[in-house]
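Novice: show me the folded form of this:
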Amino acid sequence: MQLLKSRNMAFSKESKAVHFLANISYYRLKGYWWEMQDEKINHHFKERSDFETVINRYNFDRHFRLIVFNAIEWIEISLRTKMIYHFSLAYGAEWYLDLALFKEFEFIETY
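Specialist: Below you'll find the predicted structure:
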């Protein structure tokens with residue numbers, strides 16, 4: 001926090017900032033304050049740059065990611081269900097055991 005302060009970052013709730021820095025990390029948060037810098041070499045911040053804006057950006061991104069991954073999960077489940085349904089009707093209940101159905105794929109043995 002002292003390093004950020006020395007670079008002109010403002011903190012209105014220092015105890016919360018310490019908590020966020022300890023639990024999220026400086027390096028993860030730096031992507032959210034990159035545009036707040038007026039000088040990228042020494043990482044000096046523009047006037048009125050505040051840590052609360054950084055946390056708000058981080059939280060927006062976190063919530064947005066949860067929404068997107070939730071949607072992706074529904075798409076994945078739907079596609080898998082359709083694939084299983086199609087293969088089951090076409091090749092029977094044990095279609096997944098027939099390696100000939102997967103002849104275009106190369107399987108790499110692991111361990």
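Novice: tell me the SS of the residue nearest in space to the middle of the chain?
Specialist: Geometric centre of the chain, nearest residue: residue 65, 5.8 Å, by CA atoms, centre = their mean. Secondary structure, DSSP: H, G, I helix; E, B strand; the rest coil: residue 65 is helix.
Novice: confidence score at it?
Specialist: For residue 65, the model assigns a pLDDT of 96.
Novice: what does residue 87 give?
Specialist: Looking at residue 87, the pLDDT reads 93.
Novice: from residue 16, how far off is the residue nearest to the centre of the chain?
Specialist: 22 Å (CB to CB, to the nearest Å). Every C-beta, even on glycine, is put in place using the N, C-alpha and C of the backbone.
Novice: what lies in contact with stretch 25-33?
Specialist: 9, 20, 21, 45, 49, 53, 54, 55, 57, 58, 61 (CB atoms under 8 Å, 6 or more residues apart in numbering).
Novice: please redo it, this time with the cut-off set to 10 Å
Specialist: 1, 3-4, 7, 9, 20-21, 24, 37, 43, 45, 49-51, 53-61 (CB atoms under 10 Å, 6 or more residues apart in numbering).
Novice: list the buried residues in it.
Specialist: Buried residues in stretch 25-33, counted by 16 or more other CB atoms under 10 Å: 29, 32, 33.
Novice: what sits closest to the second one if chain neighbours are left out?
Specialist: Of all residues not flanking residue 32 in the chain, residue 57 sits nearest, at 4.2 Å (CB to CB, 6 or more residues apart in numbering).
Novice: run the chain-centre distance for whichever strand or helix holds the one you found.
Specialist: Using DSSP states H and E, residue 57 sits within helix 51-91. Relative to its chain's centre, helix 51-91 lies at 12 Å (CA atoms, centre = their mean, to the nearest Å).
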